[in-house]
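[1] Fold the following, please.
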Amino acid sequence: MHRRKALIGMGTAAASLRALASEILNAKPVSAVGPGTSGSAPKPDGSRVTLRPEDVLDKEAIKPKGQWYEATVPDTLDLAEAAKLAINVQTNSMDPKLFYAVQGLPFNGTPKLQRGTWNMTPKNARTLPTLRAMCGSDYNLDVEYEAMRALMNGIQKDGLMYYPFDGNGFPRGTSYPQSNATMMFAMRNWYRRDGNPAWLDWIDLLAKGTRRVALIREDRAFYPPQCGVDPQGQWHLWINGNEPPFVHKGRMWDCTAEPHNDTVGDEGATRAEANRAIGVMVMHYQLTGDQESLDMAERIMRFVMQPGIWAENSDEKRYPGYEHGIWSGHFHNGTQGLSAFLDLGVATNNDYLKQFTREYYFDIQRNGITRMGWYPAWSSLEAHKMPAILGELTEPCALGDFCVDAAKMSDAGLGDFWDDVDFTVRNHLIEQQVSNLEAMRRVAGVQPGSESDTLLKQFLGGFAAASPTRFKQLTIAPCCTANGPQGIYNAWHGITRFDGGVATVNLFLNRASAWMDVDSYLPYEGKVVLHNKQARTAMVRIPRWVNAETITCKVEHPGSAAARALNPPRVGNYLMVEGLRAHDKIVVEFPVKEETNHYTIDGLKYTVVFKGSTVVDISPRDVGNFYQVYERAAYRENKAPMRQTKRFVTDQLIALGAF
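    Now for the predicted structure:
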């Protein structure tokens with residue numbers, strides 16, 4: 001594996017780096033050896049083909065395609081509505097004057113935009129296609145298109161995407177491997193949306209460039225934490241706030257020294273640089289069969305598996321934590337990392353990694369309250385010398401990751417974790433989406449119709465960090481706003497699946513699909529109605545909190561005088577309803593009761609009231625002018641309200657894969 005010599009030093013002046021950035025960013029279209037489907041036809045002599053953004057970007061192809069229809073549905077949690085709000089903020093938070101950098105918005109006083117960062121633009125480009133598949137919205141489609149163009153213009157013939165400006169992030173003219181990885185995931189989603197194989201050329205180019213700059217140590221490989229590489233192979237620290245480039249907290253930091261614990265970097269998250277790199281190398285291998293990418297994924301995994309990267313446990317000599325996935329620290333780093341382990345374990349059918357991932361997953365749960373979808377922003381605060389507030393906040397990034405993890409673990413056959421998805425997406429994840437404009441106005445002191453009110457509306461649907469009862473950091477955070485919806489999409493995707501005439505229903509949440517619509521009356525009523533379109537058989541999963549013996553099931557068919565009672569067989573956690581015809585309506589009913597439990601979070605004892613899997617109340621609460629969460633008194637009613645709506649059924653379902 002060829003590796004550039006990588007150095008860091010004071011010798012590279014900011015001015016010369018800017019000149020270099022200008023040179024590479026104004027270069028001619030990139031060239032690479034690839035499948036040859038974009039720019040020009042494949043050359044039989046294997047000569048280079050030209051990749052140009054305009055040859056693959058197509059405004060017509062990215063428009064949501066599907067069917068709309070009017071329906072009367074329960075007025076209960078609908079993830080498609082959450083997707084519409086997320087599209088609002090993701091497209092309105094990108095600054096076209098700064099290469100579509102993503103801005104944050106504090107609203108704990110007069111709202112004021114934060115300077116944008118390019119770190120998040122690839123994440124928005126990755127997530128937006130999935131959100132549009134959920135809800136069919138074409139709102140600000142031009143913004144999405146131009147943002148992808150700006151990103152692609154930063155990709156050069158060496159297979160790296162270079163940052164076009166200085167700001168919070170990486171110095172102009174440097175390339176951040178994690179952003180390259182996220183960009184490849186974005187291109188994969190665009191490919192799955194429009195089916196244009198030319199995207200594979202771009203992914204191939206980026207994968208090879210990102211692979212080439214990895215630092216090799218013996219049988220391991222890594223990327224320096226929070227560093228970008230320039231075209232000469234020199235690594236430079238990110239710019240943090242007002243600090244100058246290449247300086248970290250007033251001192252030089254040797255980027256190229258191999259970390260031997262998980263706390264290196266400004267965020268104390270060594271594995272963050274490895275997580276996406278492993279996943280994207282697995283993805284490239286799966287798309288192209290390139291064995292070198294799989295080899296690189298395994299090299300990076302060997303770096304991550306070093307004992308010092310993992311937390312010690314109480315019996316470290318007998319049962320070392322690094323063999324059982326025991327970890328601590330930055331929670332988003334941890335939840336994101338599980339997905340990479342699982343991707344590689346599945347791709348190589350490595351049973352050791354699969355079991356390691358299961359134990360890793362259970363260690364995640366040990367640190368939080370799965371039933372309410374609550375996990376701290378950081379674990380083991382004292383050991384890591386982190387601020388106390390990180391123990392009472394949860395980061396939507398981590399919750400989004402956790403939903404991805406649970407869905408992927410279930411799909412991989414490592415267990416049934418759909419209840420964990422349900423608990424998380426119904427409760428703290430959806431509560432951390434800022435969706436109440438009146439509450440935003442109240443805590444910010446903003447009057448309707450004012451200039452500040454316009455800003456609030458543009459950022460409605462963003463995500464922010466919260467305690468168990470209220471938002472404590474009143475900032476729409478670009479990272480959380482990009483990552484939280486990833487969990488929402490994975491949950492929505494998993495509500496129902498279809499294969500070979502069999503519709504599987506994993507979650508009792510609302511969703512319209514081409515094969516079956518799901519109407520959920522929860523938490524008001526223990527009732528779910530399935531409107532069949534194509535299925536001959538339905539496999540309906542019973543949530544853990546439902547007593548299977550109390551379920552009643554019936555089928556109604558248009559033209560029939562009466563409903564037909566069913567006693568379907570149970571296969572594991574699923575009811576199997578056979579002999580279905582188009583337009584059959586399957587009604588599943590069961591008791592739903594309130595239950596009160598007590599949990600300690602960051603030393604404070606909370607009383608949490610559940611109705612089924614939904615948190616309907618929590619106490620004690622902070623008193624004051626706060627943006628509260630879990631204001632859900634209406635859910636304690638026993639009759640679900642109904643609403644008229646237009647439902648969207650996508651023709652462009654974005655398949656799940658490496659994350």
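[2] And for residue 441, the neighbour number?
    18 (other C-beta atoms under 10 Å). (Glycine included, C-beta is placed from N, CA and C.)
[3] I'd like to know how far residue 466 sits from residue 369.
    The gap separating residue 466 from residue 369 is 14 Å, by C-beta to C-beta, to the nearest Å.
[4] Pick out whichever of the two has more residues nearby.
    Counted by other C-beta under 10 Å, residue 466 and residue 369 do not tie: residue 466 has more neighbours, with 25 against 22.
[5] How about the backbone phi and psi for that one?
    Per-residue torsions, residue 466: phi -140, psi 150 (degrees, to the nearest 10).
[6] Can you tell me how far it is from residue 260?
    Distance, residue 466 to residue 260, using C-beta to C-beta: 34 Å.
[7] just residue 419 next, same as before
    38 Å.
[8] Of the two, give the one with the bigger neighbour count.
    Using other C-beta under 10 Å, the more surrounded residue of residue 419 and residue 260 is residue 419, with 20 against 12.
[9] So the residue of the chain positioned farthest from its centre: helix, strand or coil?
    Relative to the centre of the chain, and counting by C-alpha atoms, centre = their mean, the farthest-placed residue is residue 561 at 46.8 Å. Three-state assignment for residue 561 (DSSP: H, G, I helix; E, B strand; the rest coil): coil.
[10] ok, it - contacts?
    Applying C-beta atoms under 8 Å, 6 or more residues apart in numbering to residue 561 gives no contacts.
[11] Now do it, the pLDDT please.
    Here the pLDDT value assigned to residue 561 is 73.
[12] Pass me the low-pLDDT residue ranges in the stretch 551-659 of the chain, would you?
    By pLDDT under 70, the stretch 551-659 of the chain has no low-scoring segment.
[13] for the stretch 251-400 of the chain, same thing?
    Scanning the stretch 251-400 of the chain for pLDDT under 70 picks out 251-253, 266.
[14] now the stretch 1-150 of the chain
    In the stretch 1-150 of the chain, residues with pLDDT under 70: 1-49.
[15] for it, what spans make up the helices?
    For the stretch 1-150 of the chain, the helices defined by DSSP state H, counting those that start in this stretch cover 14-25, 79-92, 121-135, 141-153.
[16] And the ones you listed: which comes nearest residue 427?
    Ranking these by their distance to residue 427 (criterion: C-beta to C-beta) puts helix 79-92 first, at 13.2 Å.
[17] Can you mark which positions in that closest one are buried?
    Across helix 79-92, burial judged by 16 or more other C-beta atoms under 10 Å covers 79-80, 82-92.
[18] how about JSON lines for the residues you listed, with distance to residue 385 added?
    Converted to JSON lines, the buried residues of helix 79-92 look like this (distance: C-beta to C-beta, whole Å):
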{"residue": "79", "distance to residue 385": "38"}
{"residue": "80", "distance to residue 385": "43"}
{"residue": "82", "distance to residue 385": "36"}
{"residue": "83", "distance to residue 385": "39"}
{"residue": "84", "distance to residue 385": "41"}
{"residue": "85", "distance to residue 385": "37"}
{"residue": "86", "distance to residue 385": "35"}
{"residue": "87", "distance to residue 385": "39"}
{"residue": "88", "distance to residue 385": "39"}
{"residue": "89", "distance to residue 385": "34"}
{"residue": "90", "distance to residue 385": "34"}
{"residue": "91", "distance to residue 385": "39"}
{"residue": "92", "distance to residue 385": "38"}
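[19] center of this protein, which residue is that?
    residue 486 (2.9 Å).
[20] is it true that that residue lies in a helix?
    Yes: according to three-state DSSP, residue 486 belongs to a helix.
[21] Find the residue closest to it in space, skipping its chain neighbours.
    Nearest residue to residue 486, sequence neighbours excluded (C-beta to C-beta, 6 or more residues apart in numbering): residue 400, at 4.7 Å.
[22] and the angle for the helix or strand where the one you found lies with helix 121-135?
    Residue 400 belongs to helix 396-411 when assigned by DSSP states H and E. Here helix 396-411 points in a direction 60 degrees away from that of helix 121-135 (axes from the mean of the first three to the mean of the last three C-alpha atoms, to 10 degrees).
[23] next one: phi and psi at the nearest residue to residue 194 once chain neighbours are set aside?
    Spatial nearest neighbour of residue 194, chain neighbours left out: residue 61 (3.8 Å); criterion: C-beta to C-beta, 6+ apart. Here is the backbone geometry of residue 61 (degrees, to the nearest 10): phi -70, psi -30.
[24] Spit out the contact partners of residue 61.
    Contacts for residue 61 were tallied using C-beta under 8 Å, 6+ apart; they are 193, 194, 196.
[25] picking up where we left off before, residues in contact with the residue nearest to residue 486?
    429, 480, 483, 484, 485, 486, 487, 488.
[26] Would you mark the buried spots in stretch 363-383?
    Buried, per 16+ other C-beta under 10 Å, within stretch 363-383: 363-364, 368-379, 381.
[27] So for it, first residue to last residue, what's the gap.
    17 Å (C-alpha to C-alpha, to the nearest Å).
[28] before we move on, what about stretch 449-467?
    Terminal residues of stretch 449-467 lie 30 Å apart, using C-alpha to C-alpha.
[29] do the same with stretch 516-531
    Note: stretch 516-531 ends 5 Å apart using C-alpha to C-alpha.
[30] quick one: average pLDDT of that stretch?
    According to the model, stretch 516-531 has a mean pLDDT of 98.
[31] Likewise for stretch 451-462?
    Average pLDDT, stretch 451-462: 95.
[32] Please apply the same query to stretch 473-490.
    pLDDT averaged over stretch 473-490 gives 93.
[33] mind giving me the domain split of this protein?
    Using automatic domain parsing, the domain parsing of the chain gives 68-495, 500-589.
[34] among the ones you listed, which is the most enclosed?
    domain 68-495 (a mean of 21; mean count of other C-beta atoms under 10 Å).
[35] Many thanks, have a good one.
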